[in-house]
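S.K.: Please find the sequence and the predicted model below.
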Amino acid sequence: MRRDMIVDWLKTEDPSRLEELWQWADETRRCFVGEEVHLRGLLEISNICARQCHYCGLRAENTRIRRYRMTEEEILACARQAVAFGYGTVVLQGGEDPGIEANWMAGVIRRIKGETPLAVTLSLGERSDDDFALWREAGADRYLLRFETANRNLYEAIHPSSQGRHSDRLAMLRTLKKLGYEIGSGIMIGIPGQSYEDLAGDIEMFCTLDLDMIGVGPFIAHPDTPLGQAAERLNAAAGEQVPNSEAMTYKVMALARLVCPAANIPATTALATLNLERGRELGLVRGGNIVMPNLTPQKYRAMYEIYPAKACIDETADQCRACMAGRIRSIGRTVGVGRGDSPKRTLAA
Ligand code: SAH
């Protein structure tokens, strides 16, 4: 799809044209990845972070949250719960926590892989090539690292490099792919300063990176972050600023499905945060085929506050599972069985 066509879709508000886009994305989803919706149990293993990302509530300078890191035994117990719930994957996500020591993490991965049939996805931020290789050898299957925005200037403005180490997530994604991980990336939609041209460039980047997984969600202002405090002042020129809206999120999901038809695309928690009633379902009929029910123990859940009023923080893991399965069935789809590996790889094999 040409850049100007992508921009045109992103800007359209005509309900009948949008209906056409939703149907096209849904049809493409059905052809390439089928009716199964795979469940990935999301475990937020640490909210400790050494970085200063201007958008994220976990940033090191935010002294208003209590910090935690789960123990190996806690993580293993949650992984066993994922198996009991019938999930095929556990996603271990966290802040960029230097206390997540590479060998310790490798041991945790080895135990999950040895004691359960789960696929293991990591989302632990920017680490060294050696760490990525060690964790891959330990058995990790997938890595999620959003590039957030492909506009270099905007990225550098909201995502300061740490101690002189230049942040190049695109290069890291290529390294991860070479190491044999399935790779996932994505963006935030409606970052202050993000234009329609930028967003179209992001969608093209999904293609260029040849992603197995694409996660997108609206930017949600967090009052204890620089970007949350200055959102309006930083907006792009009138008519050019992308809104951080629900509708825009569906458009990006649908377009992501069209440009990367065989990717796994989740209906994200950030989307559910904008529309608790119907966000997940609408995401699943406008390009999505994955949901990520939260597995994080109740006592930690509210502390993983990357943005405020996050959906599902009051629920138990069991309630999350029942809720997600009900939502999937309500739209006539089926809960996926097995690991739900990248359909792209199966198609290529
Ligand atoms: N430390 C890991 C995981 C971060 S949380 C990493 O940096 O990769 C996962 C994602 O949450 C981020 O990549 C970002 O896209 C999203 N996120 C963070 N703050 C957000 C906010 N205020 N609104 C919406 N999404 C946000």
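M.R.: That came in fine, so what should we check first?

S.K.: count of neighbours near the residue of the stretch 151-300 of the chain found nearest the ligand?
M.R.: Using Cβ to the nearest ligand atom, the point where the stretch 151-300 of the chain gets nearest to the ligand is Ile220, with a distance of 3.9 Å. Quick note: C-beta positions are derived from backbone N, CA and C, even for glycine. A total of 19 residues lie near Ile220 under the criterion other Cβ atoms under 10 Å.

S.K.: again, but for Thr121
M.R.: 24.

S.K.: on that earlier part again, quick check on the residue of the stretch 151-300 of the chain closest to the ligand: phi, psi?
M.R.: Comment: the main-chain dihedrals of Ile220 come out as phi -120, psi 120, following degrees, to the nearest 10.

S.K.: I'd guessed it sits against Tyr307; true?
M.R.: Yes. Counting by Cβ atoms under 8 Å, Tyr307 is a contact partner of Ile220 at 3.8 Å.

S.K.: which residues are common contacts for the two?
M.R.: Taking Cβ atoms under 8 Å, 6 or more residues apart in numbering as the contact rule, the neighbours common to Ile220 and Tyr307 are Ala270, Thr273.

S.K.: now do the same end-to-end measure for stretch 177-196.
M.R.: 29 Å (Cα to Cα, to the nearest Å).

S.K.: repeat for stretch 267-286
M.R.: Its first and final residues considered, stretch 267-286 spans 9 Å by Cα to Cα.

S.K.: ok, that stretch near the ligand or not?
M.R.: Yes. With Cβ under 6 Å from any ligand atom as the measure, stretch 267-286 is seen reaching the ligand through Ala270.

S.K.: Run through the residues that contact Tyr143.
M.R.: Taking Cβ under 8 Å, 6+ apart as the definition, contacts of Tyr143 comprise Thr121, Leu122, Ser123, Phe132, Leu176, Tyr181, Glu182, Ile183, Gly184.

S.K.: how about the residues of this protein near the ligand?
M.R.: Taking Cβ under 6 Å from any ligand atom as the criterion, the chain approaches the ligand at residues 55-56, 93, 95-96, 123, 125, 145-146, 148, 188, 217, 219-220, 222, 270, 306-307.

S.K.: one more time with 5 Å
M.R.: In this structure, the chain approaches the ligand at residues Tyr55, Cys56, Glu96, Gly125, Arg146, Met188, Phe219, Ile220, His222, Ala270, Ile306, Tyr307, judged by Cβ under 5 Å from any ligand atom.
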